[in-house]
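**Q** predicted model follows, preceded by the sequence.
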Amino acid sequence: MGVEARKPPTQIALKLRRALGGKAGWNGVAVQLVFGAILAWIAYEIISNARTNLETQHIAAGFGFLQNSASFDVNQTLISYSGSDTYFRVFVVGVLNTLLVSVIGIFFATLIGFVVALCRLSPNWLVSRVGGLYVEAIRNLPLLFQILFWYLAVLAALPNPRQSVSILGSFFLNNRGVIVPSPLAQPGLVPFLAMLALGLVASLVLRSYARRALFAQGRVIRIWPYVLTLLVGLPLVTMLVFGLPFSFEFPQLKGFNFAGGARIIPELVALTVGLSTYTAAFIAEIVRAGIQSVHKGQMEAGSSLGLSRGTALRLIVVPQAMRVIVPPLTNQYLNLTKNSSLAVAIGYPDLVSVWAGTSLSQTGQAIEIIATTMGVYLLISLFTSAVMSIYGWRLNRSLGA
Amino acid sequence: MTLARLNPGRDTVPDLEMTLKGLKPMKRVTLALSLALAAGLSAQAADAQTLKTIKDRGTLSCGVSQGLPGFSSPDDKGNWTGLDVDVCRAIAAVVLNDPTKIKFVPLSAKDRFTALQSGEIDVLSRNTTWTVSRDTSLGANFTGVTYYDGQGFMVKKSLKVNSALELNSASVCVQTGTTTELNLADYFKANNMKYEVIAFGTIDEAVKAYESGRCDVFTDDSSGLYASRLKLTNPADHIVLPEIISKEPLGPMVRHGDDQWFDVVKWTLFAMVTAEELGITQKNVDEMAKSDKPELKRVLGTDGNLGEQLGLTKDWVIRIVKAVGNYGESFDRNVGDGSPLKISRGINSLWTKGGLQYAPPIR
């Protein structure tokens, strides 16, 4: 009869002791629990006290107002909204407008940032000085001034709707924004979109197959003719069979403004231009630092293999630089999102403007509204950093670090 | 409640407009936090001792606008003047016997109620419209009407618009967080017209956008329209349309839960109106005080103790009239013929002259 292996002691209790008590052991755990209880008690006292005090002052409290109708209008809504909708819908409208400006802003900031960084690193004297000038000029001016500049200075230069700048009689530019023809769905839309999606999926599969062939067998497969056929040819054929997917509604001057068509309001343009050019200056510096952190031997190795400067950058340097770039880049994305609250200065209806502004003063429920606003920004920021962390993690894994 | 007062320099004139704009969202958060802290931490948030607190502190904290000529705006020397400011000066005169002992807190339309709720200001005298929802859910009370107003529209003359009913499809600039914004939505909906609203944080931003051509129309209380028109580069190029689309009774506000303070603010305004009714002016107030007429004796405190019943002194009405004059004098100096605005008395005349200004008897 062999000796039975002794059962290891339960790990959960030990782990708990180490996590909470540290070196102090179970005594430490007890202290932590008491401390936690005291914190909870204080929080409870503050909340219940606040509640009674608001009640005695007859200040309305709670979230009942979300169901009341807001009875004010908003000039840019991504979902249908009118004055008779509820405050909750105003909240959603505000969140979506904030997200819209953040997403567009992040896209352009990244694009401009990378381009400016590459300019700054360029061996061409003039190009690198222009890049340097951009960074120094833009990042040293207050953001609010830049947004106000884009709004007031550019707006003042644009004509009124009756003297709009017209392109081909269907695109119009004036001080009410950019007015473009809006697409109207036709019966051909569904097959068109289905074929487009099919083409996309097929192209992706093809790409991964070609990569595997390249890495595993060293076979180079030229895929672009197939991709072109899939992405352009296939939808084109569907269009011939099922008819046009869209028809366009053209804008027409009616009264004070254009009727019909879709309009991009100048507030949105000014805000995204201001935010993305400003953040791009910081991103450019981050990218430059990242690229310079890669040993120059890597670039030289690339050239010695006969790669051009661009190809060496794209295939060798940038992937390694991304490891350094991603964490501070995340910071800039978060900054851009939070800076979008400057919208209120130029009348863009973002969350702070319609929710923490108009709704707050119409209902007077400051605590609830400011708390939800903070919560939304926190959630957006946490989500952004989560996405960027996953990206960074995948990057590290693929570089084998 | 003192938490909100940690913010220094609030009594200075908002000369660095840009700086203020940048700080605004921050300030709203500060106000909301101070409200949350005041409500959460103080044992008794409903401070029933406003009068005593002000006397101990030695200054009255008064919430005003960020600059609306005629109602509350700083003059070129940085002194606040206007009809709403005079109400504050009158209160400071009766409580502290000095109409200059006031800390003026300039507030945007959005921040004003939170500032009052959090206790940062003792009274809000900032062209604020009296409505039932504001009187109930905000934890505050209106004390009376300083100015009977109504909402109107301003447009460029070159648009050749003669009536608000011709404004279909127009773009409208407005100050956010006001009843104006709500009336606007109601009016266009009721008349089956489309419009685009662009809402700005302050009146100045809205006017600037209107002037730059972003909007066809600027809407505000009609008194505010006349005041804003003066600020435009070429006031003669703009007209105010004849339609008045709403009732906007503007008046001061105090917090719920302190009836004595409510009475003081309420009767200070009534005293100004009563003084005009009885013909008591800044010039003749000392002579009037010697009069034998029972009503004058009662009002001016040579007979009875009505002022003391309010928690003030016997000569409270004398102090008010000496500080700012009677209601008519204040009106004339700030918004009427004696001012650049030249607004006629209209419905703001005394009830004896066909207007709406009427004070309950002081007896």
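**A** Yep, it's here.
**Q** identify the residues contacting the nearest residue to B:A236 once chain neighbours are set aside.
**A** Nearest residue to B:A236, sequence neighbours excluded (CB to CB, 6 or more residues apart in numbering or on different chains): B:K157, at 7.9 Å. All C-beta spots, glycine's among them, are computed from the backbone N, C-alpha and C. Taking CB atoms under 8 Å, 6 or more residues apart in numbering or on different chains as the criterion, B:K157 is in contact with B:236-239.
**Q** do that again at 7 Å, thanks
**A** With contact taken as CB atoms under 7 Å, 6 or more residues apart in numbering or on different chains, B:K157 is in contact with B:237-239.
**Q** repeat that for A:T238.
**A** Applying CB under 7 Å, 6+ apart, the residues near A:T238 are A:191-192, A:195.
**Q** that older thread, buried subset of the contacts of B:K157?
**A** Taking 16 or more other CB atoms under 10 Å in any protein chain shown as the criterion, what is buried in these is B:238-239.
**Q** quick one: buried residues of stretch A:328-341?
**A** Counting neighbours by 16+ other CB under 10 Å, the buried set in stretch A:328-341 is A:329-330, A:332-337, A:339-341.
**Q** look at residue 173 and give its secondary structure.
**A** All of this is about chain A. The three-state assignment at A:L173 reads strand, by DSSP: H, G, I helix; E, B strand; the rest coil.
**Q** my question was about chain B
**A** strand.
**Q** what strand or helix carries the closest residue to B:L68 other than its chain neighbours?
**A** The spatially closest residue to B:L68, leaving aside those adjacent along the chain, is B:A227, at 5.6 Å (CB to CB, 6+ apart). If you go by DSSP states H and E, B:A227 is part of helix B:222-231.
**Q** that helix packs against which elements?
**A** Counting contacts by 3 or more CB pairs under 7 Å, 6 or more residues apart in numbering or on different chains; DSSP states H and E, helix B:222-231 packs against strand B:147-149, strand B:151-156, helix B:203-211, strand B:238-240.
**Q** quick one: it to chain centroid distance?
**A** 15 Å (CA atoms, centre = their mean, to the nearest Å).
**Q** quick check: phi and psi at B:N234.
**A** Taking degrees, to the nearest 10, you get phi -130, psi 80 for the backbone angles of B:N234.
**Q** what is the burial count for it?
**A** B:N234 sits with 10 neighbouring residues when counted by other CB atoms under 10 Å in any protein chain shown.
**Q** what distance do you get for it to chain A?
**A** 15 Å (CB to the nearest CB, to the nearest Å).
**Q** repeat that for B:S228.
**A** Using CB to the nearest CB, which is the criterion applied here, B:S228 is 16 Å from chain A.
**Q** contacting residues for residue 363?
**A** By default, I'm working from chain A. Going by CB under 7 Å, 6+ apart, the list of residues near A:T363 reads A:F65.
**Q** let me rephrase: I mean chain B.
**A** B:R363 is in contact with B:R298, counting by CB under 7 Å, 6+ apart.
**Q** again with B:G82
**A** B:70-73, B:334.
**Q** which phi and psi does the most centrally placed residue in chain A have?
**A** Nearest to the mean C-alpha position of chain A, counting by CA atoms, centre = their mean, stands A:V103 at 3.1 Å. Backbone torsions for A:V103, taken as degrees, to the nearest 10, come to phi -70, psi -50.
**Q** residue contacts, it?
**A** With CB under 7 Å, 6+ apart, A:V103 has no contacts at all.
**Q** does A:I221 sit in a helix, a strand or a coil?
**A** Applying three-state DSSP: A:I221 is coil.
**Q** ramachandran angles for it?
**A** phi -110, psi 130.
**Q** who does the helix or strand hosting A:I47 touch, helix- and strand-wise?
**A** Assigned by DSSP H and E, A:I47 belongs to helix A:25-56. Contacts defined by 3+ CB pairs under 7 Å, 6+ apart place helix A:25-56 against helix B:17-41.
**Q** how close does the residue nearest to the centre of chain A get to chain B?
**A** A:V103 is 21 Å from chain B, by CB to the nearest CB.
**Q** go on, A:S69?
**A** 10 Å.
**Q** close enough to count as contact, that residue and A:R89?
**A** No. Using CB atoms under 7 Å, A:S69 makes no contact with A:R89, being 9.3 Å away.
**Q** circling back to that earlier point, got TSV for the contacts of B:K157, with pLDDT and distance to chain A too?
**A** TSV is the format used below for these (pLDDT from 0 to 100; distance: CB to the nearest CB, whole Å):
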residue	pLDDT	distance to chain A
B:D237	92	14
B:H238	94	15
B:I239	92	16
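**Q** quick check, nearest of the contacts of B:K157 to A:W393?
**A** Checking the contacts of B:K157 against A:W393 by CB to CB gives B:H238 as the nearest, at 59.9 Å.
**Q** for the closest one, what are its contacts?
**A** Counting by CB under 7 Å, 6+ apart, B:H238 has contacts B:154-157, B:229, B:232.
**Q** quick one: the strands in chain B?
**A** B:60-64, B:73-74, B:80-81, B:102-106, B:123-129, B:140-142, B:147-149, B:151-156, B:170-175, B:195-200, B:217-221, B:238-240, B:248-255 (DSSP state E).
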